[in-house]
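>>> The sequence and its predicted three-dimensional model are supplied below.
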Amino acid sequence: MDRNTIYQDDAVPSITKQVITAFSSRGIFMVAFWTLILMLVVMMLSYVLAPYHPQHQHIDLLLLPPSWYDQGTVEFFFGTDGLGRDILSRVISGTRYTLGGAILTVVISGIIGVAIGAVAAMLRGLRSSILHHLLDTILAIPSLLLAILVIAILGRGWDTVLLAVTIGLIPQFIRVSHQAVLAVLETEYVRMARLDGYTNFQLFYRVVLPNIAEPLIIRFTAALSSAVMDLAALGFLNLGAQAPAPEWGSMMASGIELLTSAPWVITLPGIAIFISVLSINLVGEGLQRSFKKLESS
């Protein structure tokens, strides 16, 4: 006999399913989620989706306006820049730099930061105190300023920019993981795991890590938004990806002089930055509310 036909109340949805249900109950969060998914698909298929090569120059079509202008054409839907390059193709290709670079830096900084924060929380005595105060000092420096300091020391270059943004994000993950691990270590089930003979690694992997997933996921979305803004800001300041790389921030910097005569040159990369940051922030807000709703229920 099917057990579910008798004990209907015993079927409790998993935590993941409850979070997904709470998240999908708000339409604005789902719109942001699918927008972000679409941007990730564009990033992965940028070579296929871009109508033209991002560096190809159409010499006879300099500063061609978008297709809805009288002088525009459908072949160059969003127009061309001052060198005759298709703006739509450059923005699509730029997802690999701005959005892809942000994801890479957040993943690396998250792994390093969580590892350091967990070790610091599980240590005791002088070593933990020194690391804690050192972390407070580093967190006092904004991530963008820290990235600029690293670039000033190591020089310009895309690899240096990724390293600089990664270093700037690591302290945030250290702080969140350190506080979350400390809170979990005070619980009864951790004490029971210690009595069962768990090593520190087993304790962290099997007991602590699953219980700090919520703050880490929320921090990941916040750090991803910050990384997109930092990469775009560094590119706008001519400290990020160097020309002719189609990075969104550097595209806006190169077209700032054409703001009044050809505003479409910087409009599309600016919209791309705005939509990506807004989508990431809304997804993070939706996850945070879903976790809070789960805790209160």
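That came through fine. Residues are numbered from 1 along each chain as shown.
>>> Can you classify residue 192 as helix, strand or coil?
helix (DSSP: H, G, I helix; E, B strand; the rest coil).
>>> ok, now which ones touch it?
Applying Cβ atoms under 8 Å, 6 or more residues apart in numbering, we find residue 192 in contact with no residue. Yep, even glycine has a C-beta here, placed from its N, CA and C like the rest.
>>> where's it relative to residue 145, distance?
From residue 192 across to residue 145, the span is 45 Å (Cβ to Cβ, to the nearest Å).
>>> now swap in residue 95 and tell me
26 Å.
>>> Comparing those two, which shows the higher neighbour count?
Neighbours were tallied for residue 95 and for residue 145 using other Cβ atoms under 10 Å; the higher tally belongs to residue 95 (25 against 10).
>>> for this protein, what are the low-confidence residue spans?
Along the chain, the parts satisfying pLDDT under 70 run over 1-15, 124-129, 132, 136, 294-297.
>>> could you redo the last one with a cut-off of 50?
For the chain, applying pLDDT under 50 flags the ranges 1-3, 7-9.
>>> Helices of that one, residue ranges please.
Per DSSP state H, the chain carries helices over the ranges 15-24, 27-44, 46-49, 87-94, 98-122, 126-139, 143-154, 158-185, 188-195, 200-202, 209-211, 213-236, 248-254, 264-296.
>>> okay, the angle between the second one and helix 213-236?
By that I understand helix 27-44. Relative orientation of helix 27-44 versus helix 213-236 (axes from the mean of the first three to the mean of the last three Cα atoms, to 10 degrees): 60 degrees.
>>> what's the answer for the last one, then?
Helix 264-296 and helix 213-236 meet at an angle of 170 degrees, taking the same axes, to 10 degrees as the criterion.
>>> returning to that earlier point: so which of the helices of the chain comes closest to residue 73?
helix 87-94 (12.2 Å; Cβ to Cβ).
>>> Switch the helices of the chain over to TSV; also include distance to residue 79.
Listed next are these as TSV, based on distance: least, Cβ to Cβ, whole Å:
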stretch	distance to residue 79
helix 15-24	38
helix 27-44	19
helix 46-49	18
helix 87-94	6
helix 98-122	20
helix 126-139	43
helix 143-154	31
helix 158-185	26
helix 188-195	59
helix 200-202	56
helix 209-211	49
helix 213-236	20
helix 248-254	13
helix 264-296	5
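>>> So for residue 75, which of the ones you listed sits nearest?
Here helix 87-94 is closest among the helices of the chain (Cβ to Cβ), at 10.3 Å.
>>> distance between the closest one and the chain's centre?
Centre-to-centre, helix 87-94 and its host chain are 19 Å apart (Cα atoms, centre = their mean, to the nearest Å).
>>> Show the secondary-structure elements that it is packed against.
When contacts are defined as 3 or more Cβ pairs under 8 Å, 6 or more residues apart in numbering; DSSP states H and E, helix 87-94 packs onto helix 46-49, helix 248-254, helix 264-296.
>>> what does the shortest one contact?
The list of residues contacting helix 46-49 from outside it, by Cβ under 8 Å, 6+ apart, reads 42, 92, 93, 95, 96.
>>> Stretch 149-159 now?
The contact list for stretch 149-159, computed with Cβ under 8 Å, 6+ apart, reads 97, 101, 141, 160-161, 163-164, 167-168, 234, 239-242, 245.
>>> Which one of those sits in the busiest neighbourhood?
Greatest neighbour count in the contacts of stretch 149-159, by other Cβ under 10 Å, goes to residue 240: 31 neighbours.
>>> ok, now how distant is the closest residue to that residue other than its chain neighbours from residue 144?
Leaving aside its chain neighbours, residue 240 sits nearest to residue 234 (3.7 Å; criterion: Cβ to Cβ, 6 or more residues apart in numbering). Counting by Cβ to Cβ, the gap between residue 234 and residue 144 amounts to 8 Å.
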